[in-house]
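Engineer: what follows is a predicted structure for the sequence shown.
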There are 2 protein chains.
Amino acid sequence: MNLKHFSFKTTDPVAAQLDALRPLNTADVVERLNKLKPALADATFAGLSDERAINVLEAPELLRAPQLLQALPRPRRARVLEGMADDRAADVVQALELTDQAAVLADLAACAPASAHAIQKLMRYRPRTAGALMTTEYVGVPADWTVAQTLDHVREVERKRETVYAIYVLTPGSDVLQQVVTLRRLITGAPGDNILTVAQVNPPVTVSPLTDQQEVARLIRRHDLLSLAVVDEQRRMLGIVTVDDIIDTMMEESTEDAHKFGGMEALDAPYMQIGFWRMIRKRAGWLCALFLGEMLTASAMQHFEGELDKALVLTLFIPLIMSSGGNSGSQATSLLIRALALGELRLRDWWKVALRELPTGMLLGAILGVIAIVRVVAWQQLGIYDYGPHWPLVALTVGAALVGIVTFGSLAGSMLPFVLQRLRFDPASASAPFVATLVDVTGLVIYFSIALLILSGTLL
Amino acid sequence: MNLKHFSFKTTDPVAAQLDALRPLNTADVVERLNKLKPALADATFAGLSDERAINVLEAPELLRAPQLLQALPRPRRARVLEGMADDRAADVVQALELTDQAAVLADLAACAPASAHAIQKLMRYRPRTAGALMTTEYVGVPADWTVAQTLDHVREVERKRETVYAIYVLTPGSDVLQQVVTLRRLITGAPGDNILTVAQVNPPVTVSPLTDQQEVARLIRRHDLLSLAVVDEQRRMLGIVTVDDIIDTMMEESTEDAHKFGGMEALDAPYMQIGFWRMIRKRAGWLCALFLGEMLTASAMQHFEGELDKALVLTLFIPLIMSSGGNSGSQATSLLIRALALGELRLRDWWKVALRELPTGMLLGAILGVIAIVRVVAWQQLGIYDYGPHWPLVALTVGAALVGIVTFGSLAGSMLPFVLQRLRFDPASASAPFVATLVDVTGLVIYFSIALLILSGTLL
């Protein structure tokens, strides 16, 4: 292959790229275009056939889809948009500047008004809803058709549509959904029979266009569907969400949730693609917010300055104790974020969780407390370090503080996702650093309060 | 519906359950069985029809699948297993005790040797590989068949198989894969034409049975597939992985990754279902390991005891500085875990990431440093707190330490997933608490070293 490229060597870089792209499948073409310099990518993309260009633009992995679309001459741009699945076309148009959006849609409306209308409608749905995810290009047939009529219809439309996963059977003369027929059941039907004879027995699973994409994913998974009908209040078909859109969505959500749990704004592009300043903005915001919150620890320490001065030995354990509270909180938060996301728990179950985390936190804190006490006793007895004449009380203080702080961490960490959900935030916006910060300040107060209780009269 | 139940009220709780389950779809039956007490669930399950029992056992959401299978009388057990998709059957059998596995497989081998053989073969593949995920029940036809022959074949097998997403065209007389035909393309073919006329143009995407499930998910997503062929080195078909298995897998992986990033072992059951002691075990292990690691902070503090004694003011900022290092590390780790999981970066790209994180960390550290200096200056000038006669040097120490620690945190956090991947661990085993612990100890050393540098001769 390399040899062949050598012999047909050309001095035009665009022609060379097009040569190289010819034998590749769509996914590889996309990968290659993503790696080219913008100007060369634009020119190469413009050299692709319409069919290729449509397939490339439909790949969600394509990084500069709006820019590439804009690189096409105006008549081709409309033709390519018309050829695309309308949900993806709407996403790409939405990513253009507002003035460009209007121009592109006007061009499209001139040559394909139905397509322009569908795209405009899809653009109106809020992101992360079934409406924004769906395509309006489903196969609907009236309920009085036969299997043979339906098969003929599928044969005809298949040339244009890539989303034929199921047939939606509608009340004749309307868009009202009656039943769903999967392709494999369609094939098994007797040609002369009514289409409803091969339909599923259970009523079809549907969602409203406002349903959250997480719920859509849950339903598709729960019922092993390849596509899910989106209907309005009168059960009129609006579109379908397909399983491949859901997979893309789930991947994106996993990444977003991971970034958020790591304590930053979710990146909207791959790590190496995002610009330096955009990266700084995504990270600095939360980092500064957490820093300001954590400043309260300095205030708390200043408040206990007298105690610190008298019992410097207490400072030695501050990082150890505080991090344990943060760690147990981070565990509890990650548990509850997922349990809420998967629908295993609802908002009203918060007290059940609290009742579970209370003994869990106490036991986990006791385990760490025992380890800490063993450490102080061992270091003291082995002569590694001298914790002073009141070392047994110091050990007791550290152990007791750990029970209190780990319990508080587990409780606070598990309740945070509920609080966020109650306030109508995404529970997944809770992050490990946020929980740690929350627990740190309280942890210090717990530690010094227990120290005052145990050590007053001796060290304090 | 309630009324109806009232009128047919029965004293037998099993019969009552069966009555209530009758109108429900599979997903709802599963949900209901999950909520029943074990003994009642077992008895109710045994009362279901074979077809219902098969559908219920195939739902990955079912919690006590192995126990329910065991609750069936022996001959029914084999019948139900034979009816199940063999990949799911293998999962359920694998979850039984070893002696029970042997008994169940022996019964099955007596009445359906092919099914027993297929299940035993699937059980040999390592978890989380294509081999463990795949089903051997695909539709394969020889390449010399016509479209009509293939359609007839699908009509015949469809009654038994739920996994007909595509037709695998094999070299006649062998299992060697030649091409893939999607159902929708099959429908469009002319009946008398050869099956290859409706095949895809590109060579089919395949994986080996040893391919990791994450890579399988990536390929299915990348090529928008409904099923993916698993082949051996000679391109002989072994089975297929279907899109609904991949969705289940992705959901489970998201949850596992979230738990691990939260700093614990992944739970293998929903939050409210897992026993108290199992929960403690899943959390205590990492919590103790992190605690032991964090103990080094106490050692570091003991080492700098002299400095602490002379400059107590330094202790005030310890939690603030340390948490900032942990937070920036947690951000970097979550970024890199996802970038590696999505295949955006490879192991050999580590230096590109390091070159990016170095200036990012320095700038982020500088931002926080400036905030800290402003705070010290403000508190001092406004008379809120007195940081002593050398307060400008204290402010400088804190600011400089933040630059150093945030830079170190970003670097360490971003390199950790690479190190884990290099050591053949899952990069997703890196957790926010682990990074924080890693950064805390070093952070203390950085802080005191900078303090010695800036404050020696004045405070120290």
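Structural biologist: Structure's in. What do you need?
Engineer: in the stretch 351-460 of chain A, what residue lies closest to chain B?
Structural biologist: Using CB to the nearest CB, the single residue of the stretch 351-460 of chain A nearest to chain B is A:Ala432, 3.5 Å away. Bear in mind the C-beta positions are built from the backbone N, C-alpha and C, glycine included.
Engineer: ok, that residue touching B:Thr333?
Structural biologist: No. If you go by CB atoms under 8 Å, A:Ala432 and B:Thr333 don't touch, sitting 9.8 Å apart.
Engineer: overlap in contacts of these two?
Structural biologist: When contacts are counted by CB atoms under 8 Å, 6 or more residues apart in numbering or on different chains, the set common to A:Ala432 and B:Thr333 consists of A:Gly262, B:Phe261, B:Ala432.
Engineer: and which of the residues you listed is nearest to A:Ser49?
Structural biologist: Relative to A:Ser49, the closest of these is A:Gly262; by CB to CB it sits at 42.4 Å.
Engineer: for the closest residue to that closest one other than its chain neighbours, what are its contacts?
Structural biologist: Nearest non-adjacent residue to A:Gly262, counting by CB to CB, 6 or more residues apart in numbering or on different chains: B:Ser334, 2.5 Å away. Going by CB under 8 Å, 6+ apart, B:Ser334 touches A:Ala258, A:His259, A:Phe261, A:Gly262, A:Gly263, A:Met264, B:Phe261, B:Ala432.
Engineer: widest-spaced pair of those?
Structural biologist: A:Met264 and B:Phe261 (13.1 Å).
Engineer: any idea how far the most centrally placed residue in chain A is from chain B?
Structural biologist: Geometric centre of chain A, nearest residue: A:Glu253, 1.3 Å, by CA atoms, centre = their mean. Distance, A:Glu253 to chain B, using CB to the nearest CB, to the nearest Å: 8 Å.
Engineer: equivalent analysis for A:Val93, please.
Structural biologist: With distances taken as CB to the nearest CB, A:Val93 is found 21 Å from chain B.
Engineer: hang on, that residue packs against A:Met123?
Structural biologist: Yes. Using CB under 8 Å, A:Val93 is in contact with A:Met123, at 6.7 Å.
Engineer: these two - which one has more neighbours?
Structural biologist: With neighbours defined as other CB atoms under 10 Å in any protein chain shown, A:Val93 and A:Met123 compare such that A:Val93 has more, 25 against 16.
Engineer: next, the buried residues of stretch A:172-185.
Structural biologist: Buried residues in stretch A:172-185, counting neighbours by 16 or more other CB atoms under 10 Å in any protein chain shown, are found at A:Leu177, A:Gln178, A:Gln179, A:Val180, A:Val181, A:Thr182, A:Leu183, A:Arg184, A:Arg185.
Engineer: does chain B sit close to it?
Structural biologist: Yes. When contact is scored as CB under 8 Å from any CB of the partner chain, part of stretch A:172-185 falls within range of chain B: A:Leu183, A:Arg184, A:Arg185.
Engineer: cool, stretch A:278-288 as well?
Structural biologist: Yes. Stretch A:278-288 lies within reach of chain B by CB under 8 Å from any CB, at A:Met279, A:Ile280, A:Arg283, A:Ala284, A:Trp286, A:Leu287, A:Cys288.
Engineer: where's A:Arg184, which helix or strand?
Structural biologist: According to DSSP states H and E, A:Arg184 maps onto helix A:183-188.
Engineer: low-scoring stretches of the stretch 201-350 of chain A, by residue?
Structural biologist: Along the stretch 201-350 of chain A, no part satisfies pLDDT under 70.
Engineer: please name the strands paired to the next helix or strand after the helix holding A:Arg184 in the sheet, noting orientation.
Structural biologist: Of the helices and strands lying after helix A:183-188 in sequence (DSSP H and E), the nearest is strand A:206-207. Here strand A:206-207 has these sheet partners by DSSP bridges: strand A:227-231 (parallel).
Engineer: what does the partner strand contact?
Structural biologist: Contacts for strand A:227-231 (CB under 8 Å, 6+ apart): A:130-131, A:134, A:138, A:163, A:165-166, A:168, A:177, A:180, A:204-209, A:211, A:216, A:219-220, A:237-243.
Engineer: please apply the same query to stretch A:391-408.
Structural biologist: Residues contacting stretch A:391-408 (CB under 8 Å, 6+ apart): A:313-314, A:317, A:320-322, A:324-325, A:328, A:358, A:361-362, A:364-366, A:368-370, A:372-373, A:376-377, A:380, A:387-388, A:439, A:442-443, A:446-447, A:450-451, A:454-455, A:458-459, B:287.
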